[in-house]
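Enquirer: no FASTA, just this:
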Ligand SMILES: [Zn+2]
């Protein structure tokens with residue numbers, strides 16, 4: 001599933017390619033990829049000039065010239081593909097947006113959990129896209145004091161807390177495991193046993209891991225690639241994620257994997273004692 005770095009990379013692709021272009025037509029091939037009425041989205045987007053794209057958690061938010069918004073969540077398998085020649089449609093193509101320069105944006109989504117929203121001018125984005133409301137701060141905006149305060153309030157494992165989108169927006173399984181490794185914290189550690197200093201180390205590790213991944217183009221899953229088809233390379237140098245049974249890159253101890261609250265967790269028994 002795409003996490004923050006992958007969504008950020010898609011955002012950068014959209015922000016490179018689409019601002020200034022006018023949407024000439026929209027085709028929704030599978031109505032349930034649109035939250036609300038596909039007809040309203042078609043009408044709302046058609047004729048609009050696209051502005052900048054921003055990201056909030058794993059939501060992509062496109063500004064339209066009339067102050068409306070186009071919001072996209074890729075969820076598990078959603079992919080956006082930038083098409084500039086007559087490529088045949090992929091099997092799971094759900095929607096197509098045509099631009100006045102002849103290019104096309106296709107939304108391909110095998111599992112069909114991905115969603116598009118059209119937010120009319122004058123309406124608050126969070127009113128239409130209610131999933132934005134409970135999101136915690138972006139990792140770069142999360143302070144050590146706030147994170148430590150939350151940790152003090154619960155004894156649940158830190159790994160589970162890091163996946164909670166109301167704590168920090170956008171973090172998922174891969175980067176939670178990687179951040180815990182970099183800060184030397186065992187994933188089962190109860191939140192309220194972490195000192196302010198450990199929480200500070202963890203916050204730094206989260207930012208470092210996310211920035212490294214963004215620089216490497218993210219992680220390529222079977223259903224994620226850049227908008228123009230490139231792959232990401234984060235997993236080639238991951239510390240622990242996906243490396244169960246292999247030696248730790250720091251101490252050589254065999255990396256372990258176990259389930260914590262239903263999610264597989266990878267860690268080094270020596271570096272994260
Ligand atoms: Zn180690």
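Expert: That came through fine. Here the structure is a predicted model, which means the values were calculated and not measured.
Enquirer: ok, the nearest residue to residue 236 once chain neighbours are set aside - contacts?
Expert: Leaving aside its chain neighbours, residue 236 sits nearest to residue 216 (7.7 Å; criterion: Cβ to Cβ, 6 or more residues apart in numbering). C-beta coordinates here come from the backbone N, C-alpha and C atoms, glycine included. Residue 216 makes contact with 232-234, 236-237 under the criterion Cβ atoms under 8 Å, 6 or more residues apart in numbering.
Enquirer: repeat that for 7 Å
Expert: Residues near residue 216 by Cβ atoms under 7 Å, 6 or more residues apart in numbering: 232-234.
Enquirer: ok, it to the ion distance?
Expert: 21 Å (Cβ to the ion, to the nearest Å).
Enquirer: Now do the SS call for residue 70.
Expert: strand (DSSP: H, G, I helix; E, B strand; the rest coil).
Enquirer: Show the average pLDDT along stretch 128-139.
Expert: Mean pLDDT, stretch 128-139: 97.
Enquirer: List the buried residues of it.
Expert: 128-129, 131-132, 135-137, 139 (16 or more other Cβ atoms under 10 Å).
Enquirer: and which of those residues is nearest the ion?
Expert: residue 139 (24.0 Å; Cβ to the ion).
Enquirer: Up against the ion, what does this protein have?
Expert: For the chain, the contact set with the ion under Cβ under 5 Å from the ion comprises 248, 250-251, 253, 268, 270-271.
Enquirer: Whichever of those residues end up buried, select them in ChimeraX.
Expert: Selecting only the buried entries of those in ChimeraX, with 16+ other Cβ under 10 Å as the criterion:
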select :248,268,271
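Enquirer: Let me have the residues of the chain next to the ion in a markdown table, extended by secondary structure and pLDDT.
Expert: Converted to a markdown table, the residues of the chain next to the ion look like this (DSSP: H, G, I helix; E, B strand; the rest coil; pLDDT from 0 to 100):
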| residue | secondary structure | pLDDT |
| --- | --- | --- |
| 248 | coil | 98 |
| 250 | coil | 98 |
| 251 | coil | 98 |
| 253 | coil | 98 |
| 268 | coil | 98 |
| 270 | coil | 98 |
| 271 | coil | 98 |
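Enquirer: what about the stretch 101-250 of the chain, any weak spots by pLDDT?
Expert: 221-224 (pLDDT under 70).
Enquirer: on that earlier part again, please tabulate the contacts of residue 216 in TSV, including the columns secondary structure and distance to residue 122.
Expert: Output for the contacts of residue 216, formatted as TSV (DSSP: H, G, I helix; E, B strand; the rest coil; distance: Cβ to Cβ, whole Å):
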residue	secondary structure	distance to residue 122
232	coil	38
233	strand	43
234	helix	40
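Enquirer: Just name the closest of those to the ion, please.
Expert: Among the contacts of residue 216, and counting by Cβ to the ion, the member closest to the ion is residue 234, at 18.9 Å.
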